[in-house]
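J.: Any chance you can model this:
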Amino acid sequence: MEEFWGFYMNQHTKAATRRWHFTGTLCSILWLIYSVVFNWWCVVFVPVFGYGLAWYSHFFVEGNMPATFGHPYWSLVCDFKMFGLMLTGGMDREIKRLGKRPVLQPY
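T.: Residues are numbered from 1 along each chain as shown. The predicted structure follows:
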């Protein structure tokens, strides 16, 4: 896990990419809850939001291929780890720990 985590973080160097991932993961969690509580057919939207927003960030923000294509299980696990770190405010500390420098963006 730790070895893949380093690779995963190299694929998410820009803050905007991580924000798109956070939004996608949050939307997929909310859609899952909505599906369980109100309407099971809405469960089809869970991966659409989660992967759709994340893949958008890779193609149009980061400019690389999503790690999901080569390592779907580990990518999902690392996405939730990154989501948790962002939710608790530990993402910047983790980037520094790994020796990565976030790419500064004008927005």
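J.: surely residue 8 meets residue 80?
T.: No. Between residue 8 and residue 80 no contact is recorded; they are 11.3 Å apart, counting by C-beta atoms under 8 Å. C-beta here means a position set from N, CA and C on the backbone, and glycine is covered the same way.
J.: between those two, which one's more packed in?
T.: Per other C-beta atoms under 10 Å, whichever of residue 8 and residue 80 has more neighbours is residue 8, with 19 against 12.
J.: Skipping adjacent residues, who's closest to the more buried one in space?
T.: Nearest residue to residue 8 in three dimensions, chain neighbours excluded: residue 78, at 4.2 Å (C-beta to C-beta, 6 or more residues apart in numbering).
J.: remind me which residues of the protein are low pLDDT?
T.: Where the chain drops to pLDDT under 70, the residues are 100-107.
J.: Which other helices and strands does the top helix by length along the chain contact?
T.: Ranked by residue count, the top helix of the chain under DSSP state H comes out as helix 15-37. Counting contacts by 3 or more C-beta pairs under 8 Å, 6 or more residues apart in numbering; DSSP states H and E, helix 15-37 packs against helix 45-57, helix 72-88.
J.: Could you measure from the one residue sitting closest to the centre of the chain over to residue 47?
T.: Taking C-alpha atoms, centre = their mean, the centroid of the chain lies closest to residue 21, which sits 3.2 Å from it. Per C-beta to C-beta, to the nearest Å, residue 21 is found 14 Å from residue 47.
J.: again with residue 11
T.: 19 Å.
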